[in-house]
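S.K.: 3D, please:
(one chain, ligands or ions: 1)
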Amino acid sequence: MSRSAHPAGPRHADVLPEGHYTAPAEDLNALDPKVWAHTVGRDADGVVTVGGLPVTQLAEEYGTPAYILDEADFRDRARAWRTAFGADADVFYAGKAFLSRAVVRWLHEEGLNLDVCSGGELATALAAGMPAERIAFHGNNKSPEEIERAVRAGVGRIVLDSFQEIVRVAHIAQSLGKRQRVQIRITVGVEAHTHEFIATAHEDQKFGIPLAGGQAAEAVRRALTLDGLEVIGIHSHIGSQIFDMSGFEVAAHRVVGLLKDIRDEHGVELPEIDLGGGLGIAYTSDDDPREPHEIAKALTEIVTRECESARLATPRISVEPGRAIVGPTAFTLYEVGTVKPLDGLRTYVSVDGGMSDNIRTALYDAEYSVALVSRTSDAEPMLVRVVGKHCESGDIVVKDAFLPGDLAPGDLVAVPATGAYCRSMASNYNHALRPPVVSVRDGAARVIVRRETEEDLLRLDVG
Ligand SMILES: *Cc1c(COP(=O)(O)O)cnc(C)c1O
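M.R.: Residues are numbered from 1 along each chain as shown. Model (predicted):
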């Protein structure tokens, strides 16, 4: 039988490089709870619902593409992190994953703190009423204006990233008659991504001050002499989309080693350590993330054990999850525009968004899953690549996936786990209008970031 006679069949899997695709789920209509927000399901007609609302209704009301965010799920995950770490630790949500005023209010209400890394993120946090003392300010090149704003606002900590910044922040704080609480970000020679970590990663990167060669110790030495600074601790962030805790184990060992050296040299026990973020989520059914309570238990045990053997009082721990809180809470809803079978290869499904609303696939070769959400289908699975509408052949949203073979223009598909680093990294490439973020909860939907309009674009273009 000729291949073209069955354009919808599950053929051609043999042409894919091994290990680069997920075999079709037994039932393409099933929604793996690991990769979808908590309240996602299908109604009696087979339409996917979230927060009690069918996606068909959301598409009609808010258009596509759109990020649909499950507020209850966001709050649950934020609260789970908060509860897991308890009163003796702090959870800072990494705002760069996705930040809006609504999100800041939810975090505030759920008892989390907030990381920002630019003047714009700081402005959003303050505008939404996050108390300044619960904000941490990050970044490897904060401008003097940004530093001054942060110090004036009274942020709880500034994380210092270089020798020049140590002096800069001290000077600005002093000139404002303040003593700024700071942490010093170090690189511990550990790099962790997904399932592997390298304990001897060289420090060839822009963030942090290397522990190697005594540079971090020298940074602490200098910072301790400056009146404008109150050094409260050491900061380490080792990577992203991490599942394996052993990278944190090595990082904690090295950070505590530095705390011990500081105690021995200066007679000071720094009261805090921050182990950063980077905890992984399930983008596909192949990923198995840990629960916040397991992560909290593991990190607390590691730090406590290391401190006991160094005879140090256990410092207050903080962590900075971004992706692990917001990532799984949203999906991107698209309408299918064209379905193009390429004989002997795969079927290209073009949606009405693309790399302007999700750059991660093009940028990091990220893996995503996809589902038909406006109806169910019993058609045979077909191997697809979900692509956008941009003028770029690398404009891929989902590289390899299976969708029902009867997929047609006008169907709605959704890509789950797009809550983190999608809207926050969205661009106007091809003068695309950045999609809205619609939050849903208990049968009600609300736009928390509206869709861009052509007027928005033209307003910036002053002719
Ligand atoms: C990006 C970043 C985070 C958050 O990372 P996630 O992978 O979203 O958890 C936390 N801390 C620092 C310093 C970061 O740069």
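S.K.: contacts, neighbours, all on C-alpha from now
M.R.: OK.
S.K.: pLDDT-wise, which helix or strand of this structure ranks last?
M.R.: Counting by mean pLDDT, DSSP states H and E, the weakest-scoring helix or strand in the chain turns out to be strand 196-198, with a mean of 81.
S.K.: Pairing partners for the helix or strand following that one, with directions?
M.R.: Going down the chain from strand 196-198, the next helix or strand is strand 209-210, by DSSP states H and E. Partner strands and pairing direction for strand 209-210 (DSSP bridges) are strand 180-187 (parallel).
S.K.: The partner strand and the ligand in contact?
M.R.: No: on the criterion CA under 6 Å from any ligand atom, strand 180-187 is out of touch with the ligand, staying 8.4 Å away.
S.K.: model confidence over that strand, on average?
M.R.: Summarised as a single mean, pLDDT over strand 180-187 is 98.
S.K.: Tell me the bridge partners for whatever residue of the stretch 51-200 of the chain ends up closest to the ligand.
M.R.: Of all residues in the stretch 51-200 of the chain, the one sitting closest to the ligand is residue 94 (4.9 Å; CA to the nearest ligand atom). Beta-bridge partners recorded for residue 94 (DSSP bridges): residue 115.
S.K.: didn't it look like it was pressed against residue 121?
M.R.: No: using CA atoms under 8 Å, residue 94 is not in contact with residue 121, being 10.3 Å away.
S.K.: So which of those two has more stuff around it?
M.R.: residue 94 (27 against 19; other CA atoms under 10 Å).
S.K.: now the more buried one: how far from residue 366?
M.R.: Remark: distance between residue 94 and residue 366 (CA to CA, to the nearest Å) = 20 Å.
S.K.: do the same with residue 402
M.R.: From residue 402 to residue 366 the distance is 17 Å (CA to CA).
S.K.: neighbour count winner among these two?
M.R.: Taking other CA under 10 Å, residue 402 and residue 366 do not tie; residue 402 has more neighbours (25 against 14).
S.K.: so what's that one bridging to?
M.R.: residue 383.
S.K.: hang on, isn't it packed against residue 379?
M.R.: No: using CA under 8 Å, residue 402 makes no contact with residue 379, being 11.3 Å away.
S.K.: give me the element residue 141 is part of.
M.R.: Under DSSP H and E, no helix or strand contains residue 141.
S.K.: quick one, what contacts it?
M.R.: 161, 165 (CA atoms under 8 Å, 6 or more residues apart in numbering).
S.K.: And the one 4 residues further on, by the same measure?
M.R.: For residue 145, the set of contacting residues under the criterion of CA under 8 Å, 6+ apart is empty.
S.K.: Give me the secondary structure label for it.
M.R.: At residue 145 the chain is in helix, as set by DSSP: H, G, I helix; E, B strand; the rest coil.
S.K.: Looking at it now. What's its pLDDT?
M.R.: 98.
S.K.: Wait, a strand at residue 307?
M.R.: No: membership of residue 307 in a strand is not supported by three-state DSSP, which gives helix.
S.K.: how many neighbours does the residue lying closest to it once chain neighbours are set aside have?
M.R.: Leaving aside its chain neighbours, residue 307 sits nearest to residue 314 (5.7 Å; criterion: CA to CA, 6 or more residues apart in numbering). Residue 314: 20 surrounding residues under other CA under 10 Å.
S.K.: My understanding was that residue 314 contacts residue 301; is that so?
M.R.: No: using CA under 8 Å, residue 314 is not in contact with residue 301; the gap is 10.3 Å.
S.K.: State the distance from residue 353 to the ligand.
M.R.: 23 Å (CA to the nearest ligand atom, to the nearest Å).
S.K.: what does the average pLDDT come to for the helix or strand hosting residue 445?
M.R.: According to DSSP H and E, residue 445 maps onto strand 444-449. Here strand 444-449 scores 98 as its mean pLDDT.
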